[in-house]
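*Asks:* Need a 3D model of the sequence below.
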Amino acid sequence: MLGCSEATDVAGTDTSADQPDTEVIAQSNNEKTQGIVLLSGLPTLNTKDSIAILELDPESAKFGEILYEYELPEFDAPLHHLYYSPNGRLYATGLGSQCSLAEISLVRDSTGAPAVSDVECLDTQGQVVGEDIMWHSVNGKEYMFVTFMGGTGTEQPDGGSVGVFDPQDNSVIKVIEARKSKVGENEPYIMFPHGISAYGDRMVVTSTIHPDLATGVGNALTIIDLNKMEPIENIVTEDAQPVGFPSSPVEVLFVRPSIVKNAQPAILVNTMFGFETWKVPYNESDKSFGVPEKLYDGATAGTGVPLELYGTEDELFISHALPGIVKRYSLNSLPELVSSGEDIQAEPGAHHMIFYSTASGRKLIAIQNNLLNLGNAADNDPTDVDFIAKVNHHSLTVHDLQTGERLGEINFKDKFNKGIDNIEALFGSGFVHHH
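*Replies:* Predicted coordinates for the structure are as follows:
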């Protein structure tokens, strides 16, 4: 899993000198019960950012243990999201400017045990604060698309860009940028893009929030024509403002036949500060988008800060950071939201999730309960943001997928003096749909 030779190499520190016996690891359901996580050192607890491999089988005596850890260099902000490419290469986006996009060399050591051999920060041509990644083919050619909330500089009050990369060598093919203050009045713009999804030659990205969490908040989607690699339309998804901010669309899913057979294509989007989930119909024949429709209103339902859209073969799951639950819907009913079961009760900050099975075959869902690691007021952390602190439980809860019963919990702050930024299945073994 070699990265681009033209990119900047960053050497990390391998802290895995004392590894468990590899025969024991091999017996643990062939690694399918293990997850790979991005951990953030907490400023007041004197800990460092790292990539770790954990045992996540609650039936195992090693549940919650770090089996392997690779200490990361000190960047100006932590790595944030992990993504596997279609051919199994592992990437991470980063919330700062020093390493906004990286390729992680997840390999096997001489004993066959999983290990990280390198973290390579990639050349983004000045794009900063990476968020989401999507691989998508346009006119027979595959690209890697990355949203950068900071665009080509966080000093810009209306910045943001979508980077188009060659998935073979990680080189930048194009920077798609259209600042609201630089385009004509009523012309399409890209601002603070976060979520990304695509169908055919149409891509949608969200306008979420300025990376400094203060300068500005978005309320619209941007449609990009992938034939021209240019924005062509903005669609506002906003109704009430329950917390007094614009709606802040965050994660988005373009429902399409490759996910749901015979589905009527449409966009589903969660609005972080609107507490809502919206549907935007798509007419495939003339490539037009219909009037947005609010499908779920968290302000009246008692939930807030909806974040992720994940799915298995038959269900869609949406995480709500407040009070900390995951709602579940029938995949075959999309783009409508038809409940498929009771809410899964997690913890404040319910965010990313993975799906896997125990060694005995019990199907599970693990939920990361943490939005951003910006500190905790109780620790007198100067980087604390009150709102963010309320959705930082620093934990991972493991539940029976069918019943929602909680089978275990790992609190990273209590156990390892760290916060958790992201979780994915080791080698992608439990990954189905993301966003």
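
*Asks:* okay, CA-based contacts and neighbour counts for the rest of this
*Replies:* OK.

*Asks:* Where does the residue nearest in space to the middle of the chain sit: helix, strand or coil?
*Replies:* Centroid-nearest residue in the chain: residue 81, 5.0 Å away (criterion: C-alpha atoms, centre = their mean). Per DSSP: H, G, I helix; E, B strand; the rest coil, the secondary structure class of residue 81 is strand.

*Asks:* can you map out the helices along the stretch 151-300 of the chain?
*Replies:* For the stretch 151-300 of the chain, helices defined by DSSP state H, counting those that start in this stretch occupy the ranges 298-301.

*Asks:* show me where it has strands.
*Replies:* 161-165, 172-177, 193-199, 202-207, 220-225, 230-236, 249-255, 266-271, 276-283, 288-289, 293-297 (DSSP state E, counting those that start in this stretch).

*Asks:* Quick one: residues contacting the residue nearest to the centre of the chain.
*Replies:* Contacts for residue 81 (C-alpha atoms under 8 Å, 6 or more residues apart in numbering) come out as 38, 92, 93, 94, 131, 132, 421, 422.

*Asks:* Please tell me how far the nearest residue in space to the third one that is not next to it in sequence sits from residue 85.
*Replies:* To tie it back to what came earlier, the one meant is residue 93. The shortest distance from residue 93 to any non-neighbouring residue, by C-alpha to C-alpha, 6 or more residues apart in numbering, is to residue 101 (4.4 Å). With the distance defined as C-alpha to C-alpha, to the nearest Å, residue 101 ends up 14 Å from residue 85.

*Asks:* quick one: low-confidence parts of the stretch 1-150 of the chain?
*Replies:* 1-30 (pLDDT under 70).

*Asks:* Try it again at 80.
*Replies:* Low-confidence segments of the stretch 1-150 of the chain (pLDDT under 80): 1-30, 42-45.

*Asks:* where do the helices sit along it?
*Replies:* Going by DSSP H, counting those that start in this stretch, the stretch 1-150 of the chain shows helices at 22-27.

*Asks:* thought residue 180 was touching residue 190?
*Replies:* Yes - here residue 180 reaches residue 190: they are 7.1 Å apart, a contact under C-alpha atoms under 8 Å.

*Asks:* Could you report the neighbour count for the closest residue to residue 340 other than its chain neighbours?
*Replies:* Leaving out its chain neighbours, the residue that sits closest to residue 340 by C-alpha to C-alpha, 6+ apart is residue 329, at 4.7 Å. Using other C-alpha atoms under 10 Å, residue 329 has 21 neighbouring residues.

*Asks:* Next: the one 3 residues further on.
*Replies:* Neighbour count for residue 332, taken as other C-alpha under 10 Å: 18.

*Asks:* ok so it is a strand residue?
*Replies:* No - going by three-state DSSP, the assignment for residue 332 is helix, not a strand.

*Asks:* That one and residue 313, how far apart?
*Replies:* Residue 332 is 9 Å from residue 313, where distance means C-alpha to C-alpha.

*Asks:* swap in residue 192?
*Replies:* The gap separating residue 192 from residue 313 is 31 Å, by C-alpha to C-alpha.

*Asks:* And the two? Which one has more around it.
*Replies:* residue 192 (32 against 12).

*Asks:* Tell me if I'm right that the more buried one and residue 212 touch.
*Replies:* No - counting by C-alpha under 8 Å, residue 192 does not reach residue 212; the two are 10.7 Å apart.

*Asks:* circling back to that earlier point, comparing residue 180 and residue 190, which residue is more hemmed in?
*Replies:* residue 190 (31 against 18).

*Asks:* The more buried one contacts residue 223, correct?
*Replies:* No - Residue 190 is not in contact with residue 223 according to C-alpha under 8 Å; the separation is 9.1 Å.

*Asks:* The residue nearest to residue 93: what's it in contact with?
*Replies:* Contacts for residue 101 (C-alpha under 8 Å, 6+ apart) come out as 91, 92, 93, 94, 121, 122, 123, 124, 130.

*Asks:* Which of those has the largest number of neighbours?
*Replies:* Among these, the one with the most neighbours (other C-alpha under 10 Å) is residue 130, at 32 neighbours.

*Asks:* Excluding chain neighbours, what is closest to that one?
*Replies:* Excluding the flanking residues, the one nearest residue 130 by C-alpha to C-alpha, 6+ apart is residue 148, at 4.3 Å.
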